[in-house]
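Trainee: predicted model and sequence follow; I will ask about them next.
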Amino acid sequence: MTSVRLKVAVLYNAPVLPVDHPDAVSEADVVEVAQAVAAGLENHGFESVLLAVRPPVVEVLRSLDRIGPDVAFNLIEGFGASTAAATHMTGLLELAGFAYTGSPMEALALCVSKGRAKFLLRGAGLPTAPGFVVEPGAAVPRWDWAGPAIVKPDAEDGSLGIDQASVVLDWDSACDRVVWIHATYGGAALVEAYLPGSEYNVGVLALPEPEALPIAEVAYEPVEGTWPILTYAAKWSAGSVEDRASPVLCPARIERELAETMCRLAVSAFKVTGCRDYARVDLRLDHRGEPVILEVNPNPDIGPTAGWARALRVSGRDYSATLAALARQAMGRPRMPLRASDLGNRGRGSSASEPDRQR
């Protein structure tokens, strides 16, 4: 007798940007990640169904109700044209009673604003770079630290809005960059001290207790006259000058004491921000060589070629087996009593989120 396979819906945001848009490549990447995750889960006995989510919300619920998954693997990074809406979609899964992987709505809502997360981390005694958030229409304060500043969107990820012009030497240049961010991305800008030291990222895996994965180092080899920062081109334009100038080494070439400190900071940041299952913490050394937290990403790229998966493999763990363990862990968590079927039958019209079975 053939056993019934557990069904997992692999959720990802349907791309909305035109293919010639400068930010389209980062948005399209999630499609390939979803396919890889679905295939990995299939290898470990799950029946995978890919589901690209797009407005209207009610059609997402109806599609999920039709699929009837035992668990949703949540890879949603946005909804429609809104990055922040990924948080609300996660809350919707919670309210609808679906088991799902990844961080809960509270952690996503907190960390979507780098500035708010910074204030919480600092309040918990964790080191962060000095900085401030500038809302649209607000005046840009003058900073009180010595040296340059880096200006970036407060609520975007994937290095969106970061290029060589992000590092500014004076207040006038900072004002110009803030205006550009407000006009281009429509949200607040984060202005913080530029840290001159090496950059690292630490993946965290919680099955169930959080532990740091091997540290990765961004081993910058900048072209003369450029800043050693992880720009959008460095992250998404394979083979570009900035990509070649920012190779990543995992494990990092660092002393044991520094590695232990960064791992401890990463796990502490994971806990303080309320992350769950997996996350990534980015750090950089200040002028004294001390590690400082840049940001906490509660929903990092976990595709097989991404940094988190690379660190996972360096730790000796199997990628597909880890995905399956995360899905099963999510199934065992308590859920809200409201069932998905109570919400999924609302609304009319054709489905805007058609399921596509993974072959």
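Mentor: It's in. Note that the coordinates shown come from a computational prediction; the quantities given were computed from them, not determined experimentally. Numbering: from 1, shown residues only.

Trainee: would you map the helices across the stretch 251-359 of the chain?
Mentor: 256-272, 307-314, 319-331, 340-344 (DSSP state H, counting those that start in this stretch).

Trainee: and the first one, what's buried?
Mentor: What that stands for is helix 256-272. The neighbour-count check on helix 256-272 (16 or more other C-beta atoms under 10 Å) flags Leu258, Ala259, Thr261, Met262, Cys263, Leu265, Ala266, Val267, Ser268, Ala269, Phe270, Val272 as buried. Just so you know, the C-beta spots here come from the backbone N, C-alpha and C atoms, and that holds for glycine as well.

Trainee: can you add pLDDT and give those residues back as JSON lines?
Mentor: Shown next, in JSON lines, are the buried residues of helix 256-272 (pLDDT from 0 to 100):
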{"residue": "Leu258", "pLDDT": "97"}
{"residue": "Ala259", "pLDDT": "97"}
{"residue": "Thr261", "pLDDT": "98"}
{"residue": "Met262", "pLDDT": "98"}
{"residue": "Cys263", "pLDDT": "98"}
{"residue": "Leu265", "pLDDT": "98"}
{"residue": "Ala266", "pLDDT": "98"}
{"residue": "Val267", "pLDDT": "98"}
{"residue": "Ser268", "pLDDT": "98"}
{"residue": "Ala269", "pLDDT": "98"}
{"residue": "Phe270", "pLDDT": "98"}
{"residue": "Val272", "pLDDT": "98"}
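
Trainee: which residues touch Phe46?
Mentor: Arg5, Leu6, Lys7, Val8, Ala324, Ala327 (C-beta atoms under 8 Å, 6 or more residues apart in numbering).

Trainee: could you rerun that using 10 Å?
Mentor: 5-8, 10, 38, 40, 69-71, 73, 323-324, 327-328, 358 (C-beta atoms under 10 Å, 6 or more residues apart in numbering).

Trainee: got it, and Ala124?
Mentor: Ala124 touches Ser268, Ala269, Lys271, Val272, Thr273, counting by C-beta under 10 Å, 6+ apart.

Trainee: for it, grab phi and psi.
Mentor: Dihedral pair for Ala124: phi -90, psi 10, per degrees, to the nearest 10.

Trainee: look up how far Leu195 lies from it.
Mentor: 20 Å (C-beta to C-beta, to the nearest Å).

Trainee: quick one, phi/psi of Ala38?
Mentor: The phi/psi pair for Ala38 (degrees, to the nearest 10) is phi -60, psi -40.

Trainee: hang on, isn't it packed against Pro69?
Mentor: No - the pair Ala38 / Pro69 is not scored as a contact, 11.9 Å apart, by C-beta atoms under 10 Å.

Trainee: list residues touching both of the two?
Mentor: Val8, Ala9, Val10, Phe46, Glu47, Ser48, Val49, Leu51.

Trainee: would you point out the most distant pair within those?
Mentor: Phe46 and Leu51 (14.0 Å; C-beta to C-beta).

Trainee: which residues touch Met77?
Mentor: For the record, residue 77 is Glu, not Met. 12-13, 26-27, 29-30, 33, 83, 85-86, 89, 157-158, 299-301.

Trainee: mind checking the SS state of it?
Mentor: coil (DSSP: H, G, I helix; E, B strand; the rest coil).

Trainee: same thing with Phe73?
Mentor: strand.
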